[in-house]
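Novice: Return atomic coordinates for the entry below.
(2 chains)
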Amino acid sequence: KQEVTQIPAALSVPEGENLVLNCSFTDSAIYNLQWFRQDPGKGLTSLLLIQSSQREQTSGRLNASLDKSSGRSTLYIAASQPGDSATYLCAVPTGTASKLTFGTGTRLQVTL
Amino acid sequence: GAVVSQHPSWVICKSGTSVKIECRSLDFQATTMFWYRQFPKQSLMLMATSNEGSKATYEQGVEKDKFLINHASLTLSTLTVTSAHPEDSSFYICSAGVTNEQYFGPGTRLTVT
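Specialist: Predicted coordinates:
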């Protein structure tokens, strides 16, 4: 059974700092990994999707890397802003139906 | 593109009543939709996979007779929480799959009093 863990569970940083969120998964036979953002009481916003053949993907201040062999992915956020405050979730597809297994999440707070 | 909507966005109901939540793909067709449940400060847990024209596939531990799923068309799936109880209070999120990517609805907050 695929298990997805995220570290740290919570993080508070001052504005402007660069930060790294970690995601690990137990079954490396994945064909992609997705990072999402969730604001309190809201749905999910897809940030980045990395295919298994890729090692990293970039969108603006966000950079996600994937190391399948070690079962790890990182989300790097550059020059953090208060608007980045949210919960960040990673997820991997499980089985043939593309259902997602979500990580435990990292609650990020960026302070002024 | 790839917008998924949910209705209602929030609902309060009395214990013992049933509540229906709709999930629609607005600008694409989805043969498969997924229903997730999220308790406060926890991650999303998959409840069931909804397949157009066939029965839903439920995850282990999810009561199919309590959480009725109907996928009547390629753009609509519904989740009905039957005989709701306070422990069913949660945030319910649906998603629709397009190739290898999923697009999520905004969620429905259910509170059972």
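Novice: Kindly report the residues of chain A close to chain B.
Specialist: Proximity of chain A to chain B (CB under 8 Å from any CB of the partner chain) is limited to residues A:31-32, A:34, A:36, A:41-46, A:49, A:51, A:89, A:91, A:93, A:97-105. All C-beta atoms are positioned from the backbone trio N, CA, C, and that covers glycine.
Novice: repeat that with 10 Å
Specialist: A:1, A:4, A:6, A:9-10, A:31-32, A:34, A:36, A:38, A:41-46, A:49, A:51-52, A:87, A:89-91, A:93-95, A:97-105, A:107 (CB under 10 Å from any CB of the partner chain).
Novice: So which residues of chain B form strands?
Specialist: Ranges of strands in chain B, per DSSP state E, are B:4-7, B:10-13, B:19-25, B:32-38, B:44-51, B:57-58, B:67-73, B:76-81, B:90-98, B:101-104, B:108-112.
Novice: helices or strands up against the fifth one?
Specialist: With contacts taken as 3 or more CB pairs under 10 Å, 6 or more residues apart in numbering or on different chains; DSSP states H and E, strand B:44-51 sits against strand A:86-94, strand A:99-102, strand B:32-38, strand B:57-58, strand B:67-73, strand B:76-81, strand B:90-98.
Novice: Just want the most central residue of chain B.
Specialist: The residue lying closest to the centre of chain B (CA atoms, centre = their mean) is B:W35, at 3.9 Å.
Novice: State the distance from it to B:F104.
Specialist: 11 Å (CB to CB, to the nearest Å).
Novice: joint contacts of the two?
Specialist: B:23, B:93-95 (CB atoms under 10 Å, 6 or more residues apart in numbering or on different chains).
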